[in-house]
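Peer 1: fold the stuff below for me.
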Amino acid sequence: EEQISGNKISAFEHYLKIGGNKGYSPNNWFDEDFYRSFYEDVEFLIKDRFYLCGLEHYIKIGRFEERLPFKKTFDILNYKFNYAVKPSGLQRYKDLENKISEISCDYVHLDKPRLNFVVPTMDKNIMFGGYISLLEFIKRILEIGINIRVLVHDDSHMNEKYFCYNIKDKIDINKYKDQIEFQNIIKEPVIEIGDKDRLFAYSAYSALIAHKIAKYTEEEKFIYLIQEDERVFYSNNSFRAMIDYIYNLPMVAVFNTYDLMEYFKRNKLGSFWQEGSKAFYFEPVITQIVPLLLKLKEQPKRAKRLLFYARPEFHAERNLFELGLSGLKEAIKKGYFSNNWIFDGIGAAKDYKIEISNGKYLNIKSKMELDEYKKALLDYDIGLFLMYAPHHGLVGFEMASAGMIVVVNKFDYRDESYFAEKSKNFVVADLHPYSIAEKLKLAVEMSENYSARVQNAYKPKVKSWDEVFTNEFITDVLKEIRFISNLVAMSKGTFKD
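Peer 2: The predicted structure is shown next:
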């Protein structure tokens, strides 16, 4: 005040000539010291005399660039780490409420028992290995003569006609039309249920719905087809916590692979590992592509090929796309691949072309039909398949069965000895790009031995779904939920008492 009154200048003039340079703030909505320290470029511009102070820069430019005029914690975090402060929990709260909401059921009398399959969707565009197991199970149930109903709970677009369109390649709709019912419980939320109804759940949140519906029947237990520790699909959030709860519901667990069942037991997930509990497992059919030595020996006449199970989408994070691409880039930079190598990817939702390094590109192809896929595998020398989840996945084994040298990663029980027992065509890497690169180098060397690739090709033990879902297996599982279709089934000679 003395400087202002003595020099007879206004407060604003004082700020422009003196106060701004000293870091004083002109008002309560602009912090000169913060602005100049937070925005380094502004400080340089002031030192070079382009601006008298931070306020001048803010008024002329900064406010149009949406710069922060003063310290505000949320705005700073939003500016620096936009994703970290988004209130995503508000939307997730609504999503969780939808998943755990009550189910409306009306009681009806049933003359025959019915098995209800509770599924998120039946869209074949996302029918990977897990959905194939489900469809094969449904097919066997229909062949036995059991009535079924499919209850879709997470796909508002799915209707009965589109459902039939999606399964027609696996199941003869016309043959079983009198045995199949369909209901989208988003569109038709009231479910008619009878004492003889039983429930079969495809996923964790399907299991939660099945549990609620089962309360209206004579049997509280339901069948749960467990094909992964589904917690891997979530970070440590409410949805993951709910899955821990779901694993402890009264159920009959049917695990996709013995390895997955043992993983649940070792980690004491749910009640499956407890004495007296009942659980089943099956080994899925792994597509076998028999390599031909003559075809492999012809490969030096053309480009060598690497196939990467490349899935950059959010739903497939467990396949470690970023880590695999980084490892491949490192191997190319180090010169482990000669110029005649071509790099392709499969498994993505759409086609991509990505530059890796040194003018090399990764050409990612979208999902193939089975026959096209089987034929394509025989054209590759090396496979790269990463899986950061308890279930081992199928594609890596299918690559190895086609005579590829397959680079895979360690995970829990899956170490060098585990893969060595399966096939010598596997090369096991640590979860680091440098390790993946070094194992790719080894794979390049091993790929030159064509006779060894054929000899060591992975040979699946199970060759058809008839070997998997046998009458005995189906009978044992259904007995655990007191499914009383024995009279119908035994009359057809399919069930054992």
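Peer 1: quick check: phi and psi on Val406?
Peer 2: phi -110, psi 120 (degrees, to the nearest 10).
Peer 1: neighbours of it, how many?
Peer 2: Per other CB atoms under 10 Å, the neighbour tally for Val406 reads 29. C-beta coordinates here come from the backbone N, C-alpha and C atoms, glycine included.
Peer 1: and if you look at the one 5 residues further on?
Peer 2: Counted with other CB under 10 Å, residues neighbouring Phe411 total 19.
Peer 1: that one bridge partners, please.
Peer 2: With DSSP bridges as the criterion, Phe411 is bridged to Arg414.
Peer 1: for the residue lying closest to Asn340 once chain neighbours are set aside, give its distance to Asn449.
Peer 2: Nearest non-adjacent residue to Asn340, counting by CB to CB, 6 or more residues apart in numbering: Ala303, 5.0 Å away. For Ala303, the distance to Asn449 equals 19 Å [CB to CB, to the nearest Å].
Peer 1: what is the top helix by length along the chain packed up against?
Peer 2: The residue-count maximum for a helix in the chain (DSSP state H) belongs to helix 129-144. Contacts defined by 3 or more CB pairs under 8 Å, 6 or more residues apart in numbering; DSSP states H and E place helix 129-144 against strand 114-119, strand 147-152, strand 222-226, helix 465-468, helix 471-479.
Peer 1: outside of it, which residues touch it?
Peer 2: Helix 129-144 is contacted by residues 115, 117, 119, 122, 124, 127, 148, 167, 170-171, 176, 179-180, 202, 225, 227-228, 256, 282, 284-285, 393-394, 465, 468-469, 471, 474, 485, 489, 492, 494-495 when judged by CB atoms under 8 Å, 6 or more residues apart in numbering.
Peer 1: next, the angle from that helix to strand 147-152.
Peer 2: Using axes from the mean of the first three to the mean of the last three CA atoms, to 10 degrees, the direction of helix 129-144 lies 150 degrees away from that of strand 147-152.
Peer 1: how about the helices of the stretch 51-200 of the chain, start to end?
Peer 2: All helices of the stretch 51-200 of the chain, identified by DSSP state H, counting those that start in this stretch, fall at 54-57, 73-80, 88-100, 129-144, 160-167, 173-176.
Peer 1: pLDDT averaged over the longest one - what is it?
Peer 2: This points to helix 129-144. In this model, helix 129-144 has an average pLDDT of 92.
Peer 1: can I get that helix as PDB, trimmed to CA atoms?
Peer 2: Below are the C-alpha coordinates for helix 129-144, written out as PDB (Å, rounded to 0.1, in the frame of the first residue of the first chain):
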ATOM      1  CA  GLY A 129     -13.300 -71.900 -27.000                       C
ATOM      2  CA  GLY A 130     -15.500 -71.500 -23.900                       C
ATOM      3  CA  TYR A 131     -18.800 -71.100 -25.900                       C
ATOM      4  CA  ILE A 132     -17.900 -74.100 -28.000                       C
ATOM      5  CA  SER A 133     -17.800 -76.300 -24.800                       C
ATOM      6  CA  LEU A 134     -21.200 -74.900 -23.800                       C
ATOM      7  CA  LEU A 135     -22.800 -75.600 -27.200                       C
ATOM      8  CA  GLU A 136     -21.400 -79.200 -27.200                       C
ATOM      9  CA  PHE A 137     -22.900 -79.700 -23.700                       C
ATOM     10  CA  ILE A 138     -26.300 -78.400 -24.900                       C
ATOM     11  CA  LYS A 139     -26.100 -80.600 -28.000                       C
ATOM     12  CA  ARG A 140     -25.500 -83.700 -25.800                       C
ATOM     13  CA  ILE A 141     -28.400 -82.800 -23.500                       C
ATOM     14  CA  LEU A 142     -30.700 -82.400 -26.500                       C
ATOM     15  CA  GLU A 143     -29.600 -85.700 -28.000                       C
ATOM     16  CA  ILE A 144     -30.500 -87.400 -24.700                       C
END
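Peer 1: what is the orientation angle of that helix with strand 222-226?
Peer 2: Interaxial angle of helix 129-144 relative to strand 222-226 (the same axes, to 10 degrees): 140 degrees.
Peer 1: again, but for the fifth one
Peer 2: Between helix 160-167 and strand 222-226, the angle comes out at 50 degrees (the same axes, to 10 degrees).
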